Every structure is written in structure tokens, then in C-alpha cells.
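[1] Give the three-dimensional model of this entry:
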Amino acid sequence: MRTAALTALFTILLAPCMAARQPAPIEEPRIENPQPQRVQDLPPPPGRLLEMPKEMVEDRVPAEGPAKLSKQQVMRSVLGFVILLVLAYLAGHPKLTALEDRLHVGASTITGFMFVLLGLLAATGSVQVLTSAVIQAVGPVVPFCLGWYGFRHGFGYDHELLLKPPAGTGVLASAFFPSILALGGAVAVVAVNAPGLLADRAVWRDLIVFGLACGMTALAPVQRIERLMAGRIPKGRLEGFVKMEHLAGIALLMLLAVYFRPEGVLVGWQLPESAWLFIVFGLGSSAGILAWSLFRATPAGPPFIVILLGSIALCSGMASFLRIAVVPVCFIAGLIVAGLPGSSRDQVRAVLDRMQRPILLVLLVIAGALWQPSAWQGWVLLGVFLIARLAGNRLAIGFLGRWMPGELSVEERRALSYTPTGAFSIAIVLSARDLYPDSHVPYTLTAVIMGALLGEFLLQWLYWRRAKTAAEAAP
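    Next comes the predicted model:
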């Protein structure tokens, strides 16, 4: 009672003191041009928007956010996108994979290209399921698919290739011959049509993305070649070379995102390039350790799948928010999860293997929606892509045969000369789209998609018959 009375007395005495010490309100000065308080109110960054092609400017969503859709458009988009997801899940059935293996065709030849066409059809004016506004609304789907791709490659990567690279790793130097030729050819095309664009740093960035996508070899055809040529070439040797090539491609993609940072008022963090390198490794490592700790405490079944999906979504979302490449960050996370001890590796591998094809097909649907096959620039780049791919592989074979005859056998060099590009090249292009919305992704997609398809056909007609005949003739 005494304490309550003292508290009341202290409050009564303090109230007039505080009222006496409170200053009079000061009228805030009026600002002529107030600064915007939200990101949506900021003006678009100056520069390249005025220099972009007309069709890309018209398809670009305004800076204030996605366009408002009617209820009918929302229902159509939601229903259509759900149907595409169901089709992607059904197309990932193991029986379809076994059928493609018996036919010696890759996922990008039949199933993958069909889903690219579905995405292209869904983006047309008559269907309007994946319009520009819808793609922006479901924008996190692309980083998630890229993150899943990177996590899957990191988790399944052979750690011995990092500690003990295969003998003859000098073949990696020849693996980038197609990239160098593609970059040179694309620069020549730009110099002939619009030489003034070569002064733009962003144009060089897009050309580097094109060259990097041209130099990446698909892994699935190499694995099929090794199965077909079992006993004639060392098991896993070609696969090891291609995995080392992919590792170099992931590292180059990481450096591209670090040294070609997006600019403008919408980029909040301004750090040195070396600091971004530390952020890439730190984010991937912390995400991998967090995922590993969650996997250890999660039972098998649906809860484990949810935790795995959430871990990849968190890692890819943070990387996309910071404008760093999603694939390298999630690759590091998957590499750490696979390297740490625990009993959850088999569960992680089973979920990744089951969901790999459906998520890849969803990524191809988005690629098809962004594709603009009517633009002639993409078909010109396709010619550069095919010439650089074939000529680069031939030069690589000549380089290996002349200067490094002990690196690979004749059969291995011939096998590598016909291998096409694949999903990793498309992932590189879509990573550029996630990092740089003003990049020339529709043009590069024409070259990458059609280049992978035509490369698979070339592999079928020029190599499989010869390899199958030689395998049947062997004792």
C-alpha cells in the first residue's frame, strides 16, 4: 500500500514537469520535390531502356509494378499455370525417362522442346496464360528453379574431382574454344549492324553470357555415350571432364555477376567486387549448414520434402534479392550438404532425383514464354552458335591430338566433338535474365534452344549410328 501511494505521488509530480519541459511543436518545412518513399514510386533507371528494341520496350512491365489484371485473366492464368505444373510433374515420370534412354535421346530433344513450345503458346495473345505481368508476378519461380538446378549439381558433384582432378585436365582449356569463337562471332555481328553498341558495357556483358552458354556441354549425352561405348573408353572419364567444365562455367557465372553488377537507383547495396565474392561464398555456406542442420532433425516423408523445398527457396531467394547469381550460391550449399556427415543424404538424393525433371521442365516453360522466335537477331545468333560450336569442337580435337596426344583417346575425342549443349546453357541465359532484366535474353534463347535441339539431332545422325555399329561389331 505504501509503495502504491509513493508511485501515485511520483506520477502526479512528474506529469506537470514533463508538460512544462515539452517544447512547442515546430512546423516542418515544406519540400518542393519530395523524395519517393517506396521502391515502386522510384522512376525507372536511365540509360538502356531507350536503347532497347521496340518490341522489348513494349513488352516491358512499367516500373510501378505489374499491370492490373481482370478476374477472368487471373483465373485463366492461375488455371493455365497449374495445368503446366501438372504436365511437368507427369512428364517427369521414370517410365518416360527410361523410354528416352532406349531411344538414345535427351530430355531437350522431345519432352523439353515440347514444353518450350507450351510456354511459347501460353505467352501468345490468344491464350494469355504467361503474359509479361504474369511472369513478373510468378518471378520467384525462376530463381527457385535455378536454385534447385544448382543445388542438385552441387549435391551430386564428385568431391574427388575437386581434390584429385582427372589426369589430363588440360582438356578444359580446349573446352572453351566454342565460347571464344561464339564471343568473337557475336562481336562481329554487332560490329557490322550497330558498332556504336560496343561502347556499352552491358552489351559486352550480354555477349559474354552468349559465349559462356555456347561453351557448356550437356552431361546426359556424354553419359549415354559412355554406356554405349562401355569397355572401349574408360568409365566416368568423359563425365568427369564435362563436370569439370560445368564447374568452370559456374565459377565464370559467379564472376560475371560479381564484376557486372546491375546499376541504378533500385540497387540498394554498393560494395566492392571482392566483398561480393565473400558474400557469395558466405551465403552459400551458411545456407548449406542451415539446411543440413534442419535435415538432421526432420523425419522422412512429406515434412522432409517441405524442408528441402524451403531451404532451396530461401537460398535462391536471398541470392536473387542481392542480385548475385543463384546457381553458384545454391551449388555451394548443395556441395556442403553432401560433404557434411549425416544419414539424410539418401533422402535428399531421392527427392532431388524425383523432382529434377519436373522443375527443369517448368524452367523450360518459362524460357518458352520469354522466347521471341520472330526476332531475326536470334536466328543470326543461332548461326553463330552452331558454327562456333562445331568449329570450336574441331579445333579442340586438333589441339588435343597435336599437343596433348595422351589426354584422350581417339574415340573420346570423337565423342566430345558431337556433344550438344543442354539445360545448363539455358540456365545460364535465364540467370542473366534474373540478374539483368534489360539483357537480350529473347535473342540468346533462340540460339540456345534451337542450338541444343539441332545439336541433339546432329548427335543422333552423325554419331549414334557409327557408335552403335562399332559397339555391335566389337567382340
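
[2] Is there a neighbour count for the closest residue to residue 127 other than its chain neighbours? I'd like the number.
    Leaving aside its chain neighbours, residue 127 sits nearest to residue 121 (5.9 Å; criterion: C-beta to C-beta, 6 or more residues apart in numbering). All C-beta atoms are positioned from the backbone trio N, CA, C, and that covers glycine. Applying other C-beta atoms under 10 Å, we find 16 residues neighbouring residue 121.

[3] so where is this protein shaky, pLDDT-wise?
    Scanning the chain for pLDDT under 70 picks out 1-69, 103-109, 125, 162-175, 263-269, 400-408, 462-475.

[4] Let's see that with 90 instead.
    The model of the chain has pLDDT under 90 over residues 1-142, 153-249, 251, 256-277, 293, 295-305, 320-325, 338-475.

[5] center of it - which residue?
    residue 427 (3.5 Å; C-alpha atoms, centre = their mean).

[6] give the contact list for residue 213.
    Residues in contact with residue 213 (C-beta atoms under 8 Å, 6 or more residues apart in numbering) are 421, 425-426, 428-429, 444, 447-448.

[7] re earlier: do I have it right that the residue nearest to the centre of the chain meets residue 363?
    Yes. Counting by C-beta atoms under 8 Å, residue 363 is a contact partner of residue 427 at 7.1 Å.

[8] Identify the contacts common to these two.
    146, 149.

[9] Can you pull the phi and psi angles for residue 342?
    Phi and psi for residue 342, reported as degrees, to the nearest 10, are phi 160, psi 170.

[10] residues near the nearest residue to it once chain neighbours are set aside, how many?
    Leaving aside its chain neighbours, residue 342 sits nearest to residue 296 (5.5 Å; criterion: C-beta to C-beta, 6+ apart). Neighbours of residue 296 under the rule other C-beta under 10 Å: 12.

[11] Now do the contacts for residue 296.
    342-344.

[12] Relative to residue 344, how far out is it?
    6 Å (C-beta to C-beta, to the nearest Å).

[13] For residue 343, I want the exact helix or strand it lies within.
    Secondary structure assignment for residue 343, by DSSP states H and E: no helix or strand.

[14] Skipping adjacent residues, who's closest to it in space?
    Nearest one to residue 343, counting by C-beta to C-beta, 6+ apart, is residue 296 at 7.9 Å.

[15] Roughly how far does that neighbour sit from residue 311?
    Residue 296 is 12 Å from residue 311, by C-beta to C-beta.

[16] Also residue 345?
    In terms of C-beta to C-beta, residue 345 sits 14 Å off from residue 311.

[17] cool, and residue 215?
    Distance from residue 215 to residue 311, by C-beta to C-beta: 31 Å.

[18] Please apply the same query to residue 419.
    33 Å.

[19] buried ones in stretch 246-257?
    246-250, 252-257 (16 or more other C-beta atoms under 10 Å).

[20] For those, could you give me JSON lines that also reports secondary structure?
    Shown next, in JSON lines, are those (DSSP: H, G, I helix; E, B strand; the rest coil):
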{"residue": "246", "secondary structure": "helix"}
{"residue": "247", "secondary structure": "helix"}
{"residue": "248", "secondary structure": "helix"}
{"residue": "249", "secondary structure": "helix"}
{"residue": "250", "secondary structure": "helix"}
{"residue": "252", "secondary structure": "helix"}
{"residue": "253", "secondary structure": "helix"}
{"residue": "254", "secondary structure": "helix"}
{"residue": "255", "secondary structure": "helix"}
{"residue": "256", "secondary structure": "helix"}
{"residue": "257", "secondary structure": "helix"}
